[in-house]
Structures are given as C-alpha cells and as structure tokens.
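Asker: requesting a structural model of the entry that follows:
(one chain, ligands or ions: 4)
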Amino acid sequence: MRTSQMLMPTLREVPAEAEVVSHQLLLRAGFIRKSASGIYTYLPLAQRVLKKIKEIVREEMDKQGGQELLMPIVQPAEMWLESGRWHVYGPELFRLKDRHNRDFCLGPTHEEVITILVRGEVRSYKQMPLLLYQIQNKFRDERRPRFGLMRGREFIMKDLYSFDRDEAGLDISYQKMYQAYTNVFNRCGLKFRPVEADSGAIGGSDTHEFMVLADSGEAAILFCSQCDYAANIEKAAVPAAGADPTAQALELKEVSTPGQKTIEQVAEFLGIAPHQTIKTLLYRTDKEVVAALVRGDRDVNEVKLLNALGALTIELADEVQVRQATGAPAGYVGPVGLSKIRIIADPEVMALSNAVAGANKADAHYINVNPNRDFKADIVEDIRMVQACEPCPKCGAELQQARGIEVGQIFKLGTKYSKALGATFLDENGKEKPIVMGCYGIGVSRTMAAAIEQNHDQDGIIWPASIAPYHAIVIPVSAKDEKQMQLAESLYNKLNQIGVETVLDDRAERPGVKFKDADLIGYPLRIVVGNKAMTDGLVEVRQRKSGQTDLIPLDQIPEKVK
Ligand code: ATP
Ligand code: MG
Ligand code: MG
Ligand code: MG
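Answerer: Ligands and ions are numbered 1, 2, ... in the order given. The predicted structure follows:
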C-alpha cells in the first residue's frame, strides 16, 4: 500500500474528548472515528489490526476443537423471556420493535440463541463435547460508554459456548479455553494475568477474568508476590478462610453527616465484625452505594416510583437487582457514609443530587441523598490507596494491587441456561439430563485498545509485531528524487513479495512529517531510503520499540527483516 492512497487521517492535536492513551492514539493515528457515543467506525488501519487479532483468536479456538458459526445479532424477545432474562437484564439491553410491534433486542451475548439451537440439534451424549463460537459485533447500552474502544456500546467480541454431558466434561472444556486464552493474549504480545473472579448472581462456579495490566484499567486486581494467586478485587474481598479477622483493625474515619453511625453500628448493620479487614468493608459499601447513587442519577423518578411500589432497583455493575426498600428520611446518610472510595474519585457521582443510597439490604435505603452534602469528600481518595490487608489465601504472603483491563472472561455456567431453556440429552443409560455449559468471551476491539495502553510512548503506538497493521514502512527521504523513489519502490515490492507487509510512504511531504506519522501509527520497522542508499547502498532500519537504528546494505534487507 502507498500512503498517498491510504485513508489514514492522522491528527497532530490530542483530541479533547479522549481521556486515556489508547483512545487518544486511535483517534490521532487515524484508526477510528466516532459515529455516536460508544459507537465507532474502524478505519482501514484498525481493520487490519482487528483482522489479525481475530485470526489469532480463530486459530487458538480451532486448535482446541472450536467450531465457528455465526448467529443473528437481532434476537427475538421470546428467547429472552424463556430464559428469564428479558426483565432482569436491565437498560444495558438494546431493545427494538419490528413493524408488527414484536419485541427484539440486539445481542449483548448469545446464551439464549445458542442454547436454543443446541436444544434442537443435540440429542445424545455422543454429540458432545461441543465447542461453538462466533466473532461478531455485540451491543450493550453501557451506562458510561467511555475510553474509546475500551467501553463501547457496539464492540467486537468472540464468544464461545461449551456443551458437555457432565461437570467433568465441563472441567476439560474450561481448561481448554483457559489454555486458548493464555495463548491468544501471549500471541498478541500482551502482559496479562488470569485472575479469579466472582461468579456473582450465577453462583458457585469457577470463573477467571483475563486482565491486561495497565494503570488505566477500570478493574482492581490483587495478586500474590510469592505464589500464583491472583483475583479481582470483588473476589479477593471475600475474607479468606482461615485468615485472622483481627489481624487488621479498621481505619475508617467517620463522615460528618448529622446522624452518622459509628463504625460498630455500621459493621453490625452490614453483618460483619467491626474488626474485619478494611478491604472487605470498603468493597461492600463501595459496590452497594455507588451503584445506588448512580441509579438515582439516571432516573430519580423511576426510583421514586419503584420506592412507592415498595421495591428499589439498584444497578450493581452488570446486574440489576431488585430489593425491597422503604423511603427513609431525606438527606440522611447513615451506614453508607463510609462508602467514600469511588464517590470521591468520581466527579460525576459527586455532582449528583437527590440520589438514592443504601446498603444491599431490605429497609436500608435513603432517598434525596446529596453526595457533597451527605458524604465527606476527603477521607480516602481512591480505591488504589486501600492497601490489601489480607494475606494471600494460598501462601500467606503479602498481596499486591494492580489495575487491569478485562480483555476476556471464561465462565462455568453449569445448567443455568440448559435447565431454563430445556436443553437436554440422553446419557448412556437413556436417561434425560440437562447439558452442562460454559461461556467464554474475548473483547476483540477492547484487546486492540489494551495493546495500545501497554505499548506506546510519547510519539505514538508501538504495535507488537503479531498484530501490527503493517510490519514495515519504507520512507524515501525525497519523493522527488527519482532514483531514490526507484530504490524505495523496489525494496517495497520485494518486502511484500516475501510476506513482510510493507507500506511505501510516497507522499510529497517533508521527511519529518513522514517520520512523525510512522511513529504515531506504530509500524514495528521504519526503513529510510536516503542519500546513503545511492552512494553506499545503505539504508537505515529503525526498530520502533527499542529505537535501535542500523545501517544495512540494501540487498541484505529482505533477509534481515523477514
Ligand atoms: P466489563 O466488566 O468491562 O463491563 P463484562 O464483564 O461485562 O465487561 P463480558 O460479559 O465478560 O464483559 O464479555 C466478554 C468480554 O467482552 C469482556 O471480557 C470484554 O473484553 C469485552 N467487553 C465487554 N463489554 C465491553 C464493552 N462495552 N466494550 C468493549 N468490550 C467489551
Ligand atoms: Mg459489563
Ligand atoms: Mg466484567
Ligand atoms: Mg466479564
């Protein structure tokens, strides 16, 4: 490809709306353009990167016996009514109606469609294990789409579903996917950690999140410095069995709200011992209160209405939970006054008024809460400041904290969907049983963004070679010099012939402009054809990552860069 013909609209300025590096660089380097909040066009350079990530994903899924299929994006409400998720999925589900007024949604995930498919096609234990996957655009009307491709409302996901006859089979499928995910992220050149996660509403089962380590990550993880234990903060916050609960005293300071409760009262209210570790309490209150406040912000009237009906909808992370609630005195924040971590870190939440706050418990909610008035804002600044107090549950060593970007998750579903949707099979003895399932997601577009968060410098992106849009760029110093252009052209042709994906910068721009663009876009290799090429037959080869520059004879280039 010649840059003169490429659509790669690079920008010199950092776009104001972009808060994180990957978002800034994807815009500046001409990879994406916004269409609506959380919805983007992938320009040609991005599309090349996405194709490479998808190809790595495909190879690793296929290696484990995965079979690719493609399911519809538009899903009928009936399927979701049947699984019971239509009414609990909440506002993240994009819902639509057809001309006959029938309800549909845009798929945020495909458990319903695939389980109903398998229900119709699989009868016998002999047809399993089955690993089915697709790579497709997913739709989630995220509460806060942000950070560019990191949290989109339309994004690309690989989702695989496993179908087994029993738990032992599921264990094997899960292990296969664990291995496949490890391979995928290694091959993408990422530094990542699989962490134990909380299976939440589904309960009890194994689940791991694959976290790319980056300070900009939205998730907090804890890992052991001595052994391989690693968990996300939700999971790690559950007190470890055998850990001494008195090891750390609470260090929470109280809020200055009139009517505040003491730490002992709060602990009693939450049903935990006052001397339990700080992490546990912070996590619990953090999750509960932030969720409720945010919900109050979205639609105070709706919350009031629900209150009047005796129920309050609280949006907790991904799930919607319906709890009993009563209207408590306005402007009074009791136990929840301790929940300061994210409230302080998050100006959006601090700016709310007339919100709803409360613990995740019946009869424990307050309406008309004003965070600035009712919460003291200077206690703990950020969850990152909360040190892990609990020792590693595996070896007792100290736990370390890091930030992570969730690029994938694997999950043992068990029989949740097969039971709800009646997907059964006949075992060796002709007995009917529910299929045992797992689900496994990779955020393909988020992985592209995560790769940039981990691989960049002040000049731009530094693509890992395996997912770079091109491997090399050939830059003639002077496009006007015919001889130079000829040498550059023949090198460019030669490299492409031998499989080194190469771009030729044939634009009539100053070399400085070309170099800046090359660094910004992040080609792993930059090959400059200048005067030395004509006088001594030498060209300059620079590695984007290390900055190492070598003068190499022209005829040796194909051999050296291959
Ligand atoms: P998050 O916790 O970030 O909201 P999730 O746990 O809801 O993600 P999953 O349902 O586990 O996401 O989906 C599988 C993968 O899809 C995630 O691990 C992530 O990489 C990706 N993903 C999920 N939501 C988004 C999004 N809004 N934008 C881009 N990628 C996403
Ligand atoms: Mg989510
Ligand atoms: Mg998640
Ligand atoms: Mg997840």
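Asker: just give the closest residue to the residue in the stretch 151-300 of the chain that ligand 1 sits nearest to, not the sequence neighbours.
Answerer: Of all residues in the stretch 151-300 of the chain, Phe155 sits closest to ligand 1, at 3.5 Å by CB to the nearest ligand atom. For the C-beta atoms, the positions are set from N, CA and C on the backbone; glycine is no exception. Using CB to CB, 6 or more residues apart in numbering and skipping the chain neighbours, the partner closest in space to Phe155 is Ser445 (4.7 Å).
Asker: so which elements touch the helix or strand where that neighbour lies?
Answerer: Element membership for Ser445 (DSSP states H and E) is helix 444-454. Helices and strands touching helix 444-454, by 3 or more CB pairs under 8 Å, 6 or more residues apart in numbering; DSSP states H and E, are helix 21-28, helix 44-63, strand 154-164, strand 207-213, strand 399-414.
Asker: next SSE after it?
Answerer: Immediately after helix 444-454, counting by DSSP H and E, sits strand 456-457.
Asker: contacting residues around that next one?
Answerer: Residues outside strand 456-457 that contact it (CB atoms under 8 Å, 6 or more residues apart in numbering) are Val21, Ser22, Leu25, Ile462, Gly522.
Asker: again, 7 Å this time
Answerer: Applying CB atoms under 7 Å, 6 or more residues apart in numbering, the contact partners of strand 456-457 are Val21, Leu25, Ile462.
Asker: pairing partners for the helix or strand just after that strand, with directions?
Answerer: Once the chain leaves strand 456-457, the next helix or strand it forms, by DSSP H and E, is strand 460-461. Counting by DSSP bridges, the strands paired with strand 460-461 are strand 456-457 (antiparallel).
Asker: quick check: mean pLDDT of the strand it pairs with?
Answerer: Averaging pLDDT along strand 456-457 yields 97.
Asker: what's the offset of it from the middle of its chain?
Answerer: The chain centre lies 20 Å from the centre of strand 456-457; the measure is CA atoms, centre = their mean, to the nearest Å.
Asker: quick revisit: which of the contacts of strand 456-457 are close to ligand 1?
Answerer: Here nothing survives when the contacts of strand 456-457 are matched to ligand 1 using CB under 6 Å from any ligand atom.
Asker: where does this structure have low pLDDT?
Answerer: 199-205, 234, 236-390 (pLDDT under 70).
Asker: would you mind listing what in it touches ligand 1?
Answerer: 109, 140, 142, 151-152, 155, 157, 318, 406-409, 441, 443, 445-446.
Asker: so for Ser35, which of the helices and strands packed on helix 444-454 sits nearest?
Answerer: Among these, the nearest to Ser35 by CB to CB is strand 154-164 (8.7 Å).
Asker: now Pro469: phi and psi?
Answerer: phi -60, psi -40 (degrees, to the nearest 10).
Asker: what do you get for Lys419?
Answerer: Given degrees, to the nearest 10, the pair of backbone angles that Lys419 has is phi -70, psi -50.
Asker: in the chain, what residue comes closest to ligand 1?
Answerer: Gly443 (2.2 Å).
Asker: and that residue, bridged to which residues?
Answerer: Going by DSSP bridges, Gly443 forms beta bridges with Met157.
Asker: can you pull the contacts of the residue nearest the centre of the chain?
Answerer: Centroid-nearest residue in the chain: Glu406, 3.7 Å away (criterion: CA atoms, centre = their mean). By CB under 7 Å, 6+ apart, Glu406 lies in contact with Glu209, Met211, Ala219.
Asker: give the burial count for the closest residue to Gly499 other than its chain neighbours, as a bare number.
Answerer: Distances taken as CB to CB, 6+ apart put Lys562 closest to Gly499, at 7.5 Å, once the chain neighbours are dropped. Neighbour count for Lys562, taken as other CB atoms under 10 Å: 10.
Asker: wait, Lys562 sits on Val500?
Answerer: Yes - here Lys562 lies in contact with Val500, judged by CB atoms under 7 Å, at a distance of 6.3 Å.
Asker: just to revisit the earlier point, for the contacts of strand 456-457, which single residue is the most surrounded?
Answerer: Leu25 (24 neighbours).
Asker: contacting residues for that residue?
Answerer: Ile452, His456, Gly460, Ile461.
Asker: can you tell me the SS state at Lys394?
Answerer: coil (DSSP: H, G, I helix; E, B strand; the rest coil).
Asker: how about the contacts made by it?
Answerer: Contacts of Lys394 (CB under 7 Å, 6+ apart): Cys224, Cys227, Tyr229.
Asker: which residues does Arg507 contact?
Answerer: Contacts of Arg507 (CB under 7 Å, 6+ apart): Thr3, Ser4, Ala479, Lys514.
Asker: the nearest residue to Ile39 once chain neighbours are set aside - how many residues pack around it?
Answerer: Among residues not flanking Ile39 along the chain, Glu154 sits closest, at 4.8 Å (CB to CB, 6+ apart). For Glu154, the number of neighbouring residues by other CB under 10 Å comes to 19.
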